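Chemist: Sharing a model that was predicted from the sequence below.
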Amino acid sequence: MSELLVTGGQVLRPDLTVERADVLVSQDSGDIVAVDEPGTLDGDDELDAENGLVIPGLVNAHTHVAMTLLRGLADDKPLDAWLQEDIWPVEAELTAEDIRAGAELGLVEMIRSGTTALSDMYFEVEEIAEAVDQAGMRAALGFTAVTVGKDDEGARADLQESLDVARKLDGRADGRVRTTFQPHSLTTVGEEYLREFVPKALDEDLSIHLHANETADEVAPIVDEHGMRPLAYADDVGLLDGDTYVAHGVHVDDSEIDLLAETDTGVAHCPASNMKLASGMAPVQDLLDAGVTVGIGTDGAASNNDLDMFDEMRDAAMLGKLAADDASAVDAGTVVEMATANGADLLGFDSGRIEAGANADLAVIDLDAPHLTPAHDLVSHLAYAVHGSDVRHTVCDGEVLMRDRTVEVFDEVAVRDRAAERAAALVERAES
Ligand SMILES: N[C@@H](CCSC[C@H]1O[C@@H](n2cnc3c(=O)[nH]cnc32)[C@H](O)[C@@H]1O)C(=O)O
Ligand SMILES: [Zn+2]
């Protein structure tokens, strides 16, 4: 029996109160065993949380982790032009080894900034699953199907692969990997393919993750072609019948907000990506008021341009206020819940809460910093003032992924060097 004691700090509890407490986690079960008064618990090993705040590991509810290789390659364009002119041509040159290197880089960046779980959409998913396994993190992974620009055989093969990958990789990494069926979006996968394959995913009880209602440009053609709003169309083809979450959900009208709530469909809100691509402002407070589960995602590093969930919480709060024209909207406590418990609920993990019985996924924030002084309200600090670089330790499934700012699960310098080399060679191939 091996137990780790996170000791000497303050702890953020599920009701968002903060108390002085020690946290005991089991490295065998990967669960939190107890949260109790300082000095009352004992472990085999200790993690020093003195002058620190223990929080649930953050959950990045929508990303493309291997896109770290494309960070800074193409900026300052809207979604459609950015994908078609810049991103897709370079992605066509990506090898399995590139994706492994990019994923490792992204996971190291996440561990350093206190993220312990992610929901990812990409290809070469086996490589991403292996990187997640080595990282010791938790992930909902999947193969993203696109049918535009493909012949019928290619299109059907893509959707079949999304089903096959979801079936094959579920439960990998000792159960830390779950999977989702992933049509890329409502405009990049044809209706006949959705009608054929979505029922198969539902039959197998697969969770579903897709991009939806991201830009105004994508809404209009759906309304023209199908005579209904995008999410009504998504519902019509069965996409909202299962355990589904959509990334973005920016351009949703009241009827679609109601539909999300009625069908218990979640939203992975990506504020930085929505601002950078000028996609628009998601009505986050309206979604929350309607009872929709909203998590927060960074989207890929090429549209953010980092994977720091603390930046993302601050962006979500600020953009949520602007969208609602109300400074009280999307408050600090709300974004902290979105980035922890809500995200975990979307991905289907029992994480995001520091309480006995939950997954032992946590981060310790160093509060000894000028930008975190004074400490009137630590929840406010989490939403508005903490940076990813303030994270001292990161723990997932009871294992220490980073101790005293040293990543223990990867050779960080080697990961950075390999990613930089592969990214340079990738761009050279794409340009030749
Ligand atoms: N490009 C591949 C498979 C798609 S993987 C998932 C895709 O989502 C893309 N992506 C990244 N961010 C966004 C976004 O905000 N909206 C839509 N797609 C995105 C990403 O570049 C990647 O191509 C194919 O043609 O078959
Ligand atoms: Zn995306």
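Modeler: Here it is on my side, so go on. Ligands and ions are numbered 1, 2, ... in the order given.

Chemist: so Leu73 makes contact with Glu93?
Modeler: No: at 12.0 Å, Leu73 does not count as touching Glu93 under the criterion of C-beta atoms under 8 Å. Where C-beta positions appear, they are placed from N, C-alpha and C, glycine not excepted.

Chemist: And the strands in the stretch 201-350 of the chain?
Modeler: Using DSSP state E, counting those that start in this stretch, the strands of the stretch 201-350 of the chain run over 207-212, 244-248, 266-269, 294-296.

Chemist: just so I know, which of those strands lies nearest Trp82?
Modeler: Minimum separation from Trp82 across the strands of the stretch 201-350 of the chain (C-beta to C-beta) falls at strand 207-212, 13.5 Å.

Chemist: contacts for the closest one?
Modeler: 62, 119, 121, 140, 142, 178-186, 198, 201, 230-231, 234, 239, 242-249, 268, 348 (C-beta atoms under 8 Å, 6 or more residues apart in numbering).

Chemist: again, only using 6 Å
Modeler: Contacts to strand 207-212, defined as C-beta atoms under 6 Å, 6 or more residues apart in numbering, come from residues 180-183, 185-186, 230, 242-248.

Chemist: Looking at neighbours, which among the residues you listed is most surrounded?
Modeler: In terms of neighbours by other C-beta atoms under 10 Å, the contacts of strand 207-212 top out with Gln182 at 33 neighbours.

Chemist: In the longest helix seen in the chain, which residues are buried?
Modeler: Longest helix of the chain, by residue count under DSSP state H: helix 412-431. Applying a neighbour-count criterion of 16 or more other C-beta atoms under 10 Å, one finds 412, 415-416, 418-419, 422-423, 426 buried in helix 412-431.

Chemist: same check, this time on stretch 140-156
Modeler: Neighbour counts over stretch 140-156 (16+ other C-beta under 10 Å) mark 140-147, 155-156 as buried.

Chemist: Please apply the same query to stretch 397-409.
Modeler: Using 16+ other C-beta under 10 Å as the test for burial, stretch 397-409 gives 397-402, 407, 409.

Chemist: near ligand 1 at all, the longest helix of the chain?
Modeler: No: using C-beta under 6 Å from any ligand atom, helix 412-431 stays clear of ligand 1, with a minimum separation of 13.4 Å.

Chemist: Distance from that helix to the middle of the chain?
Modeler: Relative to the centre of its chain, helix 412-431 is centred 24 Å away, using C-alpha atoms, centre = their mean, to the nearest Å.

Chemist: got the CA positions of that helix in CSV?
Modeler: The C-alpha coordinates for helix 412-431 follow below in CSV (Å, rounded to 0.1, in the frame of the first residue of the first chain):
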residue,chain,number,x,y,z
GLU,A,412,11.6,17.7,-20.8
VAL,A,413,14.6,19.0,-22.7
ALA,A,414,14.7,16.0,-25.0
VAL,A,415,10.9,16.5,-25.7
ARG,A,416,11.4,20.1,-26.6
ASP,A,417,14.4,19.5,-28.8
ARG,A,418,12.7,16.7,-30.7
ALA,A,419,9.5,18.7,-31.2
ALA,A,420,11.5,21.7,-32.5
GLU,A,421,13.4,19.6,-34.9
ARG,A,422,10.4,17.8,-36.2
ALA,A,423,8.4,21.0,-36.6
ALA,A,424,11.2,22.6,-38.6
ALA,A,425,11.5,19.6,-40.9
LEU,A,426,7.7,19.5,-41.3
VAL,A,427,7.5,23.1,-42.5
GLU,A,428,10.4,22.4,-44.9
ARG,A,429,8.5,19.4,-46.4
ALA,A,430,5.3,21.3,-46.7
GLU,A,431,7.0,24.2,-48.5
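
Chemist: rewinding a little: closest to Gly114 out of the strands of the stretch 201-350 of the chain?
Modeler: Judged by C-beta to C-beta, the one of the strands of the stretch 201-350 of the chain that comes nearest to Gly114 is strand 294-296, at 13.1 Å.
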